[in-house]
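In: Provided below for reference: sequence and predicted model.
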Amino acid sequence: METVADAPVLDDDQALLQRAAQGDLAAFDQMMRRYNQRLYRAARAVLHDDMEAEDAVQEAWWKAYVHLRDFRGQAQPATWLTRIAVNEALMIARRHRSRAARIQLTDSGHLAEDLMNPDDSAPAMPASDQPDQLTWRAELRGLIERQIDALPEKYRSVFMLRGVEEMSSAEVADVLGIPETTVRVRYMRARQMLQNSLQGSIDQHIGEAFSFAGARCDRIVAGVHARLRKAGITGS
């Protein structure tokens, strides 16, 4: 539910999108830097891979730019952008599943079985590269990230958007295309799983998980600019 405090940001988002649609790349940059973290977290929840999530976000921003004039304000700009990123991540994930299925059909032995049934024990995410983070906090954040990574995909996507990114249940339902009641149930279940493994530290430190370092944000913005230049778009 929108509050008075939220309204100026939403109005500003609408204004930025309108300016970007008219060729103002500075306005588009502002939108990218404002929502890069949310889109990255959403994409990574689906893909379970840092670099593929970055690629998905870059592609999502490109597609958003191309379709700026099609935005009709039926959803909040942030929700519209997040849905594009999630859809892009899902397309990448589907390509992976299709590739794995082809390997299973053509290859004998254990390789196909391993590809179709990957080990759930993913390697630990690297800690944030921000130099001012204390070692104990980095270690705790790493633990949280590993536990989130270990969640089944349907819970991980909901938790990343609802718990880490703090989107409303209605927004998450809109982005993922599932009922709001399902969002609430999956979020509660994901919290239960994480609380069991983290022994209560989740509520104190979850905001630090998957911190969005400046270098990653700059990399995504630079990638989108390169794509825009390749298409002959230089802004106004």
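Out: Received it, and whenever you're ready, just let me know what you need. Residues are numbered from 1 along each chain as shown.

In: Find me the pLDDT at residue 196, would you?
Out: For residue 196, the pLDDT comes out at 82.

In: start to end distance for stretch 14-33?
Out: End-to-end distance for stretch 14-33, by Cα to Cα, to the nearest Å: 15 Å.

In: oh, I was asking about stretch 168-187
Out: Terminal residues of stretch 168-187 are spaced 11 Å apart (Cα to Cα).

In: what does stretch 162-177 give?
Out: Using Cα to Cα, one end of stretch 162-177 lies 14 Å from the other.

In: And that stretch, how far out from the chain middle?
Out: Distance of stretch 162-177 from its chain centroid, counting by Cα atoms, centre = their mean, to the nearest Å, is 11 Å.

In: Could you do stretch 227-236 as well?
Out: Remark: stretch 227-236 is offset 25 Å from the chain centroid, using Cα atoms, centre = their mean.

In: just stretch 185-200 next, same as before
Out: With Cα atoms, centre = their mean, you get 20 Å for stretch 185-200.

In: Could you list the buried residues of that stretch?
Out: Buried residues in stretch 185-200, counted by 16 or more other Cβ atoms under 10 Å: 186, 187, 189, 190, 191, 193, 194, 198. In this view, the C-beta of every residue, glycine as well, is placed from N, C-alpha and C.

In: what residue is smack in the middle of the protein?
Out: By Cα atoms, centre = their mean, the chain has its centre lying nearest to residue 42, at 2.0 Å.

In: And the average pLDDT for the helix or strand that contains that one is what?
Out: Element membership for residue 42, per DSSP states H and E: helix 25-47. Average pLDDT, helix 25-47: 92.

In: And it, what does it pack against?
Out: Where contact means 3 or more Cβ pairs under 8 Å, 6 or more residues apart in numbering; DSSP states H and E, helix 25-47 is packed against helix 7-21, helix 50-66, helix 77-106, helix 153-159, helix 214-230.

In: looking at these, which is closest to residue 169?
Out: For residue 169, the closest of the helices and strands packed on helix 25-47 is helix 153-159, at 9.0 Å, according to Cβ to Cβ.

In: packing partners for the closest one?
Out: Here helix 153-159 touches helix 25-47, helix 135-149, helix 169-176, helix 180-198, going by 3+ Cβ pairs under 8 Å, 6+ apart.
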